[in-house]
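> no sequence for this one, just the structure:
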């Protein structure tokens, strides 16, 4: 490295050009303590080495067990955990990305693109940069609560709050919108049951007597499913169809989905859920008892289980 910039353990090259650095430490070493060190490497690349961008944008810290990554192309970069160092093809794709001005010009144009040029210049845009400049989307015939939910989600993503989606799904008005989205409910249940049965989309399509493309559209929420098609899917998946249209104020957030209950005992478990019933209610709360043939098992969402008296 250049003078006063230390000695990098590894420099990362893509297509013969330096794009990043990696600092290696022994297992158990606190990686957060060496973040300033690896950022110093990004600024100290010797002038004789070719690089598409300076400072080097892709920085890694790793013990071999834990790896953290920082992308200096992000508006407010910070390290985050990753499974491994990204493949060279991935880094090359990020370097070839459109500038934020180009990305916005193709989707929104006008003042948004010009403003992005002033803020981010000519460097490649990243997902986090795009989330901060998402153009407005006008979707007709959406319920007001869905529009508000989408706008709140966009604001949370722009503020770099990646857990906003799971937090949003727990809000009563958003949960109501999801519950009343019939295509979403069909798609979600079909995906989980197909995977539970260990079937591919092509295999399910053959059992239903339809095309794999149609199954993909159903699971993507893009197919206006008829009741007849739904019956075929349920039979092909060896499922049990349940339908309930209840008052909107009857909402029980503690009631788990069938797939979370199935995961609680595992696909290969000899225990099988065979009934669900209310065992306690009052003061705005609900506890559910689920019987298993053979033993008591603990389920998520603080669900109360009772031992079955009959299989």
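Looks like it came in fine. Quantities reported herein were computed from a predicted structural model and do not represent experimental measurements.
> contacts and neighbour counts: CA atoms only from here.
OK.
> residues near residue 76, how many?
By other CA atoms under 10 Å, the residues close to residue 76 number 12.
> Quick one: the strands in this protein, in order.
Shown for the chain, the strands assigned by DSSP state E span residues 10-14, 17-24, 58-62, 67-71, 80-82, 273-282, 285-292.
> and the angle from the first one to strand 17-24?
Spelled out, that is strand 10-14. If you take axes from the mean of the first three to the mean of the last three CA atoms, to 10 degrees, strand 10-14 sits at 150 degrees to strand 17-24.
> contact partners of strand 10-14?
Here strand 10-14 makes contact (CA atoms under 8 Å, 6 or more residues apart in numbering) with 18-23, 88, 91-92.
> what mean pLDDT does it have?
Across strand 10-14, pLDDT averages out at 93.
> between that strand and strand 58-62, how many degrees?
Counting by the same axes, to 10 degrees, strand 10-14 lies at 140 degrees to strand 58-62.
> Tell me which strands strand 10-14 pairs with, and in which orientation.
If you go by DSSP bridges, strand 10-14 pairs up with strand 17-24 (antiparallel).
> what do you get for the third one?
Under the criterion DSSP bridges, strand 58-62 sits next to strand 17-24 (parallel), strand 67-71 (antiparallel) in its sheet.
> Residues contacting it, please?
Strand 58-62 is contacted by residues 19-25, 31, 34-35, 38-39, 42, 67-72, 85 when judged by CA under 8 Å, 6+ apart.
> any idea how far residue 37 lies from residue 126?
Per CA to CA, to the nearest Å, residue 37 is found 24 Å from residue 126.
> Looking at these two, which is more packed in?
residue 126 (19 against 15).
> Surely the more buried one and residue 74 touch.
Yes. Using CA atoms under 8 Å, residue 126 is in contact with residue 74, at 6.1 Å.
> Which residue ranges make up the domains of this protein?
Using automatic domain parsing, the domain parsing of the chain gives 10-95, 137-180, 182-236, 244-311.
> chain center to the second one, what's the gap?
When distances are taken as CA atoms, centre = their mean, to the nearest Å, domain 137-180 is centred 15 Å away from the chain's centroid.
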